[in-house]
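need a 3D model of the following:
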Amino acid sequence: MAEKNKGNTSETLDKGLKILNLYCGEKATYSLSEISRSLGINKTSVFRFVNTLCEHGYLQKDTKARGAYSLGIRTIPLAHSFLQKADIVQSIKPYVDEVHKQYDLHVDVGLIQNNNIYLVYRRESKDTLAFLHFTAAGDLHNLATGKAAMAFMDEVQLAGFLDRPGLQPEHDRTSLNREAIQQELQEIRARGYSFNRETFLPGLIAIGAPIFNLHTAKVVGGVSFDSSTTRHTMDAFEKQYASLLVELAKKISAALSV
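Now for the predicted structure:
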């Protein structure tokens, strides 16, 4: 396929990267038709792009969904390399490690991209090792990190999350309405941090604080402390560690804004 360059960018590469970018959301597989419709690229071109990405291991034919493609194994070392070597991780690591070492706390740091929150750094405590924790999530209201971030979003960004269909808690499948979420976010803004009473998983509690880009004053993610209910009650956990969490969030915000 001939390369078409516009200015200093490659339109061909741009389209290929947009295909990979689709997989940054919650959907795990896409068919050629779905990719074509989502990106407005004709199906013949999509077929060539996808085949090329499969050749390099960045996509693969999904074994469970006929005619669909999922992320390939080549994306694993790429993601691992980022989480190990990226400046963004190295800048926050000392602050998280210090808190983890001193208090044996489970600490998660998540950043928002493409209407999802992604884990970028984690330190686990002994009492949370048995739990399955998030690595990426679109339902931000189910996470302490996500709720803390949502509370400080501007109206446009927040609408992107609140307008999603089927807002539901992770385990209690009673529908959540927009007004209830907005009321909770208002309380989080006033308090300065969020908390989860076993919302994500039974037996797991958490408190979360927002992370900001200090240059733009925009929220970019969140940091949380997690604990099992065998170690702390929600009230005791909040009382003991909320101020420490807020202080850590400020340090991370400053480190990310250098």
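
where are the low-confidence patches of the stretch 151-258 of the chain?
164-176 (pLDDT under 70).

going along the chain, name the strands of it.
194-197, 204-213, 218-228 (DSSP state E, counting those that start in this stretch).

okay if I get those as a markdown table plus mean neighbour count and distance to Glu187?
The way it works is simple: take the backbone N, C-alpha and C, and place the C-beta from them, glycine included. As requested, those are arranged in a markdown table below (neighbours: other Cβ atoms under 10 Å; distance: least, Cβ to Cβ, whole Å):
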| stretch | mean neighbour count | distance to Glu187 |
| --- | --- | --- |
| strand 194-197 | 22 | 9 |
| strand 204-213 | 25 | 13 |
| strand 218-228 | 25 | 16 |
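
got a markdown table for those, with distance to Lys64 too?
Listed next are the strands of the stretch 151-258 of the chain as a markdown table, based on distance: least, Cβ to Cβ, whole Å:
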| stretch | distance to Lys64 |
| --- | --- |
| strand 194-197 | 31 |
| strand 204-213 | 29 |
| strand 218-228 | 31 |
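
nearest to Ala149, of those?
Within these, the stretch nearest Ala149 is strand 218-228; the backing value is 4.4 Å (Cβ to Cβ).

packing partners for the closest one?
Counting contacts by 3 or more Cβ pairs under 8 Å, 6 or more residues apart in numbering; DSSP states H and E, strand 218-228 is packed against strand 106-113, strand 116-123, helix 144-150, strand 204-213, helix 234-256.

please dump those into a markdown table; it should also carry distance to Arg66 for every row.
Output for the helices and strands packed on strand 218-228, formatted as a markdown table (distance: least, Cβ to Cβ, whole Å):
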| stretch | distance to Arg66 |
| --- | --- |
| strand 106-113 | 30 |
| strand 116-123 | 27 |
| helix 144-150 | 34 |
| strand 204-213 | 37 |
| helix 234-256 | 43 |
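
just the local confidence number for Glu3, please.
pLDDT recorded at Glu3 is 47.

pLDDT weak spots in the stretch 1-150 of the chain?
In the stretch 1-150 of the chain (pLDDT under 70), the answer is 1-7, 26, 80, 83-85.

mind checking which of the helices and strands packed on strand 218-228 is nearest Gly67?
Between Gly67 and the helices and strands packed on strand 218-228, the shortest separation by Cβ to Cβ is 25.1 Å, and it involves strand 116-123.

what lines up beside the closest one in the sheet?
Strand 116-123 has the following sheet partners, assigned by DSSP bridges: strand 106-113 (antiparallel), strand 136-137 (antiparallel).

would you mind finding the most buried of the ones you listed?
Burial of the strands paired with strand 116-123 is given as mean neighbour count (mean count of other Cβ atoms under 10 Å); strand 106-113 ranks first at a mean of 23.

report the buried residues of whatever helix or strand Ile88 lives in.
Secondary structure from DSSP states H and E places Ile88 in helix 87-103. Residues 92, 95-96, 99-100 are the ones in helix 87-103 that count as buried (16 or more other Cβ atoms under 10 Å).

nice, that's everything, thank you.
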